[in-house]
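Participant: Here's a sequence, model it:
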Amino acid sequence: MTDLDAIAGIAAGREQGLRYLYDKHGTRIFRFALRLVRSEAIAEEVTNEVFIEAWKNAKAFEGRSAVTTWLLSIARNRALDRLRKRSEESLDEGVAERIADGADDPEVELAKKDKGALMRLMIDRLSPIHREIVDLVYYHEQSIAEASAILGVPENTVKTRMFHARKQLSTLFNEAGLDRGWP
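Facilitator: Here you go, the predicted structure:
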């Protein structure tokens, strides 16, 4: 079965198509939502909402993008809705950036974890829009065009955000005393 077959099955009311999509994409959707909302419980809710929406709107799927892109778009929109509703995170980005990070510094983290964990630590220090684009392109292997569709921004905006995210990561690694040849 392909993703398009699954969508057609869902549109015809067959649960098998939904099970196929959930089995194939559920983990990816959950991880993507988790990176945005930073709460496993909310990420699970978002994941469930994505597949409920896929069930309800399968007939409206036009195939202008890959099914994965469509599902990730739904996940992003649901996650952003949840973030807007969270009253405890009503700080604007400027205020949030000025809050001191009580976590270990990057050198201590390097001693504790492998380079993948250090990379995640550095990515977590990126601004939300840069973190989101790195997550989509590198961890969810979305193309620039797919990321553009998911985020609802022009492809050049995605490219610009990627440029700035890489530049910001480079600065963070340099501040941690690491260069491109880090182990």
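Participant: all contacts plus neighbour counts: C-alpha atoms, from now on.
Facilitator: Will do.
Participant: Remind me which helix or strand the closest residue to I10 other than its chain neighbours belongs to.
Facilitator: Nearest residue to I10, sequence neighbours excluded (Cα to Cα, 6 or more residues apart in numbering): G17, at 5.3 Å. G17 is part of helix 15-37, with elements assigned from DSSP states H and E.
Participant: Using PDB, list the CA coordinates for that helix.
Facilitator: Below are the C-alpha coordinates for helix 15-37, written out as PDB (Å, rounded to 0.1, in the frame of the first residue of the first chain):
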ATOM      1  CA  GLU A  15      -9.900   2.300   8.700                       C
ATOM      2  CA  GLN A  16      -7.100   0.200   7.200                       C
ATOM      3  CA  GLY A  17      -5.700   3.300   5.400                       C
ATOM      4  CA  LEU A  18      -5.600   5.300   8.600                       C
ATOM      5  CA  ARG A  19      -3.900   2.500  10.400                       C
ATOM      6  CA  TYR A  20      -1.300   2.300   7.600                       C
ATOM      7  CA  LEU A  21      -0.600   6.100   7.800                       C
ATOM      8  CA  TYR A  22      -0.400   6.000  11.500                       C
ATOM      9  CA  ASP A  23       2.000   3.100  11.600                       C
ATOM     10  CA  LYS A  24       4.200   4.700   8.900                       C
ATOM     11  CA  HIS A  25       4.100   8.300  10.000                       C
ATOM     12  CA  GLY A  26       2.900   8.400  13.600                       C
ATOM     13  CA  THR A  27       6.400   8.500  15.200                       C
ATOM     14  CA  ARG A  28       7.600  11.100  12.800                       C
ATOM     15  CA  ILE A  29       4.600  13.300  13.500                       C
ATOM     16  CA  PHE A  30       5.000  12.800  17.200                       C
ATOM     17  CA  ARG A  31       8.700  13.800  17.200                       C
ATOM     18  CA  PHE A  32       8.000  16.800  15.000                       C
ATOM     19  CA  ALA A  33       5.200  18.000  17.400                       C
ATOM     20  CA  LEU A  34       7.300  17.300  20.400                       C
ATOM     21  CA  ARG A  35      10.100  19.500  19.000                       C
ATOM     22  CA  LEU A  36       7.500  22.300  18.700                       C
ATOM     23  CA  VAL A  37       5.500  22.000  21.900                       C
END
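Participant: So which elements touch that helix?
Facilitator: Packing partners of helix 15-37 (3 or more Cα pairs under 8 Å, 6 or more residues apart in numbering; DSSP states H and E): helix 3-11, helix 40-57, helix 67-85.
Participant: wait, what's in contact with the residue nearest to I10?
Facilitator: By Cα atoms under 8 Å, 6 or more residues apart in numbering, the residues touching G17 are D5, A6, I7, A8, G9, I10.
Participant: Pretty sure the second one sits against D23.
Facilitator: Right, the one you point to is A6. No - between A6 and D23 there is no contact under Cα atoms under 8 Å: 11.4 Å.
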